[in-house]
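Chemist: Got a predicted structure here, sequence first:
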Amino acid sequence: MRDMGTRVFIAKDNQLSPAEWEKTVSVLRNGGLVAFPTETVYGLGGDATDPHAARKIYQAKGRPSDNPLIVHIADFSQLEDIVAETPEKARTLAQRFWPGPLTLILKKNGRIPLETTGGLDTVAVRMPDHPLARTLLKKSGVMIAAPSANTSGRPSPTTAAHVLEDLDGRVDVIVDGGAVGIGIESTILDLTEDPPMILRPGFLTKEALCEAIGEVRTDPGLCKDTAERPKAPGMRYRHYAPRAELTLIEGDSREVVAAINALAKNAEAHGRRVGILATEGTKDSYRAGEAVSVGNREDEAEVARHLYSVLRRFDNLGVDVIYSESFDDSGLGQAVMNRLLKAAGHRRIDARDIRIEDMP
Ligand code: TXA
Ligand code: MG
């Protein structure tokens, strides 16, 4: 057996065997890498206090080392161990939303090395809400630095199979806990700013945060028409990118379907394979291309849960172009549209601008 082989441990009822736990914990404690499920997406974990483990994570993902990692913790006292000060708002938010899909940016003390935080003097912290993640944190006693367990630039993994697809041979252990529940990353809130600022929209909405702590801003660098750089290094790259070129079509649903049909027919006439990111209500209305439903448009959580696996499916189908329907930009839809716009490199077309009669 190869030494560098990846072991996959399949959890039953969110439990591993004692031998599997022992192996997993010992890998973490000895500077190795463990991929594990959280409630949002799978993470690629290593000891957050070990600079070598951080380097291994960047290497395995092919990620630039100036893009900081999130430190996952088991209880609030671990946060107090690694930050310079604990603002009142951090306590309020932790009480309300942890464990859960919220990452807080705070000033750090010296315990978390610069390798883990991409050279920054702040640290991203979150307490995940998944029984396997929580057990791993508790059993190991290790604070786990973990980015999403995908190769840099690919959609985040929502199943262990996605992790294996990207990281086979680059991670020591994968804990397979089945498909995750949320499917889109945590909301990142920067508490070093006043008022606090959302650096990455996620499952937890701005409305929910405002209700807990009052005024919250969104990083102006995230707007589509701005020259400002996003503050979170990871939001500056073209992330979540499927291999095919993706274009978002906006407008009224009937017009969108007609426009995508025209575009798909045209692309196929030019010998290109077409994927269509559709919804339950529209998937049977497409006459060309390969339509894949991301779920029921009215159920934003379902759309979020399926988004990344649908993008991966298009990669595996080998399509050349993807035309995607658009979603409402409010509540959870904000996170969905943020990911789609990034996958599209901000290519978006108004359905009414597609002149169907001009198509060859
Ligand atoms: O749901 C999640 O947050 C998942 C699971 C595994 O916990 N993790 C995740 O990690 O999405 P990652 O590495 O894919 O994204 C972390 C983001 C990046 O955009 C990074 O730039 C930003 O957080 N970030 C981390 N530390 C930061 C800091 N100190 N200041 C600003 N942005 C930071
Ligand atoms: Mg990521």
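Modeler: Structure received. Here the structure is a predicted model, which means the values were calculated and not measured. Ligands and ions are numbered 1, 2, ... in the order given.

Chemist: what's around the residue of the chain found nearest ligand 1, how many residues?
Modeler: Nearest residue of the chain to ligand 1: residue 234, at 2.1 Å (Cβ to the nearest ligand atom). For glycine as for every other residue, the C-beta is placed from the backbone atoms N, C-alpha and C. Neighbourhood size, residue 234 [other Cβ atoms under 10 Å]: 23.

Chemist: Which segments of this structure make up each domain?
Modeler: Domain assignment for the chain by automatic domain parsing gives 7-190, 245-358.

Chemist: if I pick the residue of the chain closest to ligand 1, what's in contact with it?
Modeler: Going by Cβ atoms under 8 Å, 6 or more residues apart in numbering, residue 234 touches 67-68, 200.

Chemist: Show me which residues of the stretch 51-200 of the chain are close to ligand 1?
Modeler: With Cβ under 6 Å from any ligand atom as the criterion, the stretch 51-200 of the chain comes near ligand 1 at residues 67-70, 101, 103, 105, 117, 120, 122-124, 126, 128, 146-148, 185-186, 188, 199-200.

Chemist: Show the buried residues in the residues you listed.
Modeler: Among these, those classed as buried by 16 or more other Cβ atoms under 10 Å are 67-70, 101, 103, 105, 117, 122-124, 126, 128, 146-148, 185-186, 188, 199-200.

Chemist: what helices or strands is the least confident helix or strand in the chain by mean pLDDT leaning on?
Modeler: Least confident helix or strand, the chain: helix 333-343 with a mean of 92, by mean pLDDT, DSSP states H and E. On a contact count with 3 or more Cβ pairs under 8 Å, 6 or more residues apart in numbering; DSSP states H and E, helix 333-343 meets strand 245-250, helix 300-317.

Chemist: Quick one, which of these gets closest to residue 218.
Modeler: helix 300-317 (17.8 Å; Cβ to Cβ).

Chemist: Now do the same for that closest one: mean pLDDT, whole number.
Modeler: The average pLDDT for helix 300-317 rounds to 95.

Chemist: Counting by contacts, list what that helix packs against.
Modeler: Helices and strands touching helix 300-317, by 3+ Cβ pairs under 8 Å, 6+ apart, are helix 160-167, strand 274-278, strand 290-293, helix 333-343.

Chemist: Comparing these, which comes out most buried?
Modeler: Of the helices and strands packed on helix 300-317, the one with the most neighbours on average (mean count of other Cβ atoms under 10 Å) is strand 274-278, at a mean of 26.

Chemist: quick one, what contacts residue 236?
Modeler: Residue 236 is in contact with 229-230, counting by Cβ under 8 Å, 6+ apart.

Chemist: Hmm, I typed the wrong one, I wanted residue 209.
Modeler: By Cβ under 8 Å, 6+ apart, residue 209 lies in contact with 93, 102, 187, 189, 196, 198, 216.

Chemist: What's the end-to-end length of stretch 168-182?
Modeler: 24 Å (Cα to Cα, to the nearest Å).

Chemist: For it, buried residues please.
Modeler: Using 16+ other Cβ under 10 Å as the test for burial, stretch 168-182 gives 170-177, 180-182.
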